[in-house]
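Asker: predicted model follows, preceded by the sequence.
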Amino acid sequence: MPGIVYKKWLAVMLAFMALFLTSCGEKEAERGKLIMVTNATFPPYEFYQGSRIVGIDADMVREIAKRNDLELVIEDMAFDSVIAAVQTGKADVAASGITVTEDRKKQIDFTTSYVKADQVIIMRKGDAIAGPEDLKGKRIGVQHGTTGDLYVTENLQEPERFQDGALAVASLVTGKIHAVVLDSAPAEEHVARNKGICILPTALVSEEYAMAISKSRPELLAMFNRTMAEMKADGTMDTIWARYLDKDGKPLAVPAVVAEEEKGMWGRLADSFEVNFVKDDRWHYLVDGFLVTIEISACAVLMGLCIGFLVAVIRSAHDQTGRYKVLNFLCHIYLTVVRGTPVVVQLLIIYFVIFGSVDVSKVLVAIVAFGVNSGAYVAEIIRSGIMAVDSGQMEAGRSLGLSYGTTMRSVILPQAFKNVLPALGNEFIVLLKETSVCGYIALQDLTKGGDIIRSQTYDAFLPLIAVALTYLVVVVCLSQLLKKLENSLKKNER
Amino acid sequence: MNADNILEVRDLVKEFGDHRVIDGVSVGVKKGEVVFLLGPSGAGKSTVMRCMNFLETPTGGEVLFHGQPVDRSENGLNHYRAKVGMVFQHFNLFANLTILDNITLAPVKCGLMSRTEAETQALHLLHRIGLRDKAKAYPSQLSGGQKQRVAIVRALAMNPEVLLFDEPTSALDPEMVGEVENLMRELAKDGMTMLVVSHDTDFAMELADRIVFLADGKLVVDAPPAVIAASDNPRIRDFFSIR
């Protein structure tokens, strides 16, 4: 039996090494498909309309794909990851209102730029900010990884970096920061939706947008530039722009969500509920996200339990019998690395490095990341449970002629499991909540679902509360289940 | 030493680090014999016994079973231990299993008998010690004396050739010592080969065929109770007069 366990473990290790090696190669372009990555919180360039990502960038790439007989797949992820996604071959093109900069040119190739855009300053009406020079010393919000972020960091001071522009604007509206630096088009949209803020007439800096393509794909770059030139010549570009902006470059058809003052608190709350959850079936984001969160958590818990059990048994067997020296050493490295690094970093490494060149589902990536992470903690929890079982139990088993393995399985592990159940339950609760960082690899889990609603409605309060309540309910249910299990296992105690 | 010993240790040495706790002890037990290991605390009685079934690995010397050195491989040890039962001071019943499962686990897992056979045997044994109604109970629901009697029965279920008792009554309340001692008397009468580590000199004088007296990890004397009682060795006299 120990031999079989050993072989299985070896197989797992080899599989991981193989993945490491294959990740070094470049991904072959998938025939017939064009994968575009974007951060769909950037109206009018890219944003959600229902469950569909639309906007100038999205429509443009859709047209390019159509003209070249390619099937378009659009993936939504954090802005600071889109260029990495193109570089690692996760995607073919990043179209996300990306500003052309010298630094970025070193990483990827840019298509011909398709618009000139300004970085503008959004401020509260009535605040004493007359121009860019007044920003010094003020608290400035930006979207992380955007050129606004780069510009403010290099030329003014350290800004407050938000995951998306809507959050930065929400902070401005609630008075947490003094100003937001954002691209002019989305800034117009934000101002149109919020009464209390305005855009400073003087732009902070002017720049150009273009799409990003990997340096190893010159043929794709050429295809994009050629098609974009055609679209410009035949007027398609103008048609796309006219869908979202009027002649003065002001956004069209902005849904007014600013609550009317006379409605009172409950009236406003009801309106907000309507806009955030009912309109456009936005509650779907929460339900779908919830299902993804549960799927990832449940599978990761199972995987973590398996890994944890295996590692704990190997480590205990090594401590008690002195066998499995090599395996114990590997387990030790695993525990050190996993417990010594943050789970977000592990998630990103597994997505971009280990599964970098393999096209696997993001849910699977998340399950592996959280399963491997959780396994390390579960291993130590179970090991502590094994160590806590009286040594007389093992001696009694051995004295009867039972092998180490049989005694472990029939006597020690059941007792250890019962001892550590509360600690395991705690680990599962932590895991469930940790999956909320899935948004980093563009997975639409519960948290990300709330983010998407926020990016559409520009309302932070209700979506956040709804997300928090959902997690809370799941955790409470989980705690109750564990309590029941604990009680049923307690029957052999007085 | 005698060739008809079932179990025997020769020139046993056990060291923990630099500390030599057993220094060249040789003890044997013949079929049907009851041998008590006596001696002051720290004399090494329990260690000798634990070395006999390799719960402690001997530093030196030999352990012989039917005159043959014991095969110390993993499998060899499992086979050997199946024939040499052990009863512990603290009972060590499996806390997660019912009394019935405690008794049937080893015979079934070691392939000695089927589950049904093992259960029939276990119920028979439980009936014999008057605990048949506790078959479905868990160890924590039993008194100390009941636990120790179940532990003895658990060892018996393997049909061992020798039973080792490591201070079987030391952890019991005084009123429970009797029930365990009675069971041991019955076993001795039935001809079970027993090796007992104990502090109870009266019980040893009554039950033992031979008493082995240890002090400071060395064998002092190995003789029948009558000879021990008449001994003029000061250490033995001291030991017996204290009790």
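Answerer: That came in fine, so what should we check first? Numbering: from 1, shown residues only, chains lettered A, B, ... in the order given.
Asker: please identify which helix or strand holds residue A:63.
Answerer: helix A:56-67 (DSSP states H and E).
Asker: flag the shaky bits of the chain, pLDDT-wise.
Answerer: As the question left the chain open, I've gone with chain A. A:1-31, A:249, A:253-263, A:458, A:491-494 (pLDDT under 70).
Asker: actually, chain B is the one I wanted.
Answerer: B:1-3, B:242-243.
Asker: around chain A, pick out the residues from it.
Answerer: Contact residues (C-beta under 8 Å from any C-beta of the partner chain) of chain B with chain A: B:53, B:55, B:74, B:78-86, B:88, B:90, B:92-98, B:105-106, B:109-110, B:138-141, B:151, B:154-155, B:158. C-beta coordinates here come from the backbone N, C-alpha and C atoms, glycine included.
Asker: among those residues, name the ones in helices.
Answerer: Of the residues of chain B next to chain A, the ones assigned to helices by DSSP state H are B:74, B:78-83, B:105-106, B:109, B:151, B:154-155.
Asker: now neighbour count and distance to residue B:182 too, for these, in TSV please.
Answerer: Below are these laid out as TSV (neighbours: other C-beta atoms under 10 Å in any protein chain shown; distance: C-beta to C-beta, whole Å):
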residue	neighbour count	distance to residue B:182
B:74	13	37
B:78	18	32
B:79	14	32
B:80	19	30
B:81	24	27
B:82	21	27
B:83	17	25
B:105	23	26
B:106	27	24
B:109	18	30
B:151	25	15
B:154	28	18
B:155	23	17
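Asker: buried set for stretch A:370-389?
Answerer: Residues of stretch A:370-389 classed as buried: A:370-383, A:385-386, A:389 (neighbour count, 16 or more other C-beta atoms under 10 Å in any protein chain shown).
Asker: which element is residue A:419 on?
Answerer: Using DSSP H and E, residue A:419 sits within helix A:413-434.
Asker: can I get the CA coordinates of the longest helix along chain B in CSV?
Answerer: When every helix of chain B is counted residue by residue (DSSP H), the longest turns out to be helix B:174-189. The C-alpha coordinates for helix B:174-189 follow below in CSV (Å, rounded to 0.1, in the frame of the first residue of the first chain):
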residue,chain,number,x,y,z
PRO,B,174,-8.4,-0.2,44.0
GLU,B,175,-11.9,-1.6,43.8
MET,B,176,-11.4,-2.6,40.2
VAL,B,177,-8.1,-4.4,40.6
GLY,B,178,-9.9,-7.6,41.7
GLU,B,179,-11.9,-8.1,38.5
VAL,B,180,-8.8,-7.9,36.3
GLU,B,181,-6.8,-10.1,38.5
ASN,B,182,-9.6,-12.7,38.6
LEU,B,183,-9.6,-12.8,34.8
MET,B,184,-5.8,-13.3,34.8
ARG,B,185,-6.2,-16.1,37.3
GLU,B,186,-8.6,-17.8,35.0
LEU,B,187,-6.3,-17.4,32.0
ALA,B,188,-3.4,-18.9,34.0
LYS,B,189,-5.6,-21.8,35.1
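Asker: the helix or strand just after that helix to helix B:174-189, inter-axis angle?
Answerer: Once helix B:174-189 ends, the next helix or strand along the chain (criterion: DSSP H and E) is strand B:193-197. With axes from the mean of the first three to the mean of the last three C-alpha atoms, to 10 degrees defining the directions, strand B:193-197 sits at 150 degrees from helix B:174-189.
Asker: pairing partners for strand B:193-197, with directions?
Answerer: strand B:34-38 (parallel), strand B:162-166 (parallel) (DSSP bridges).
Asker: is the closest residue to chain B within the stretch 301-450 of chain A in a helix, a strand, or coil?
Answerer: Using C-beta to the nearest C-beta, the closest approach of the stretch 301-450 of chain A to chain B is made by residue A:401 at 3.0 Å. Recorded secondary structure, residue A:401: coil (DSSP: H, G, I helix; E, B strand; the rest coil).
Asker: which residue comes closest to it once chain neighbours are left out?
Answerer: Distances taken as C-beta to C-beta, 6 or more residues apart in numbering or on different chains place residue B:82 nearest to residue A:401, at 3.0 Å, with adjacent residues excluded.
Asker: the one you found touches residue A:399, doesn't it?
Answerer: No - when contacts are counted by C-beta atoms under 8 Å, residue B:82 is not listed as touching residue A:399 (9.6 Å).
Asker: burial check on residue B:36, number of neighbours?
Answerer: Residue B:36 has 25 neighbours, counted by other C-beta atoms under 10 Å in any protein chain shown.
Asker: please report how far it lies from residue B:210.
Answerer: In this structure, residue B:36 and residue B:210 are 8 Å apart, going by C-beta to C-beta, to the nearest Å.
Asker: cool, residue B:235 as well?
Answerer: 18 Å.
Asker: neighbour count winner among these two?
Answerer: Neighbour count, other C-beta under 10 Å: between residue B:235 and residue B:210, residue B:210 has more, with 19 against 16.
Asker: quick one: list the elements packing against the helix or strand hosting residue A:383.
Answerer: Assigned by DSSP H and E, residue A:383 belongs to helix A:362-388. Here helix A:362-388 touches helix A:283-321, helix A:325-340, helix A:343-349, helix A:413-434, going by 3 or more C-beta pairs under 8 Å, 6 or more residues apart in numbering or on different chains; DSSP states H and E.
Asker: what does chain A put close to chain B?
Answerer: So chain A meets chain B at A:390, A:392-393, A:395-404, A:406, A:410-411, A:414-415, A:418, A:491-494 (C-beta under 8 Å from any C-beta).
Asker: right, I'll call it a day here.
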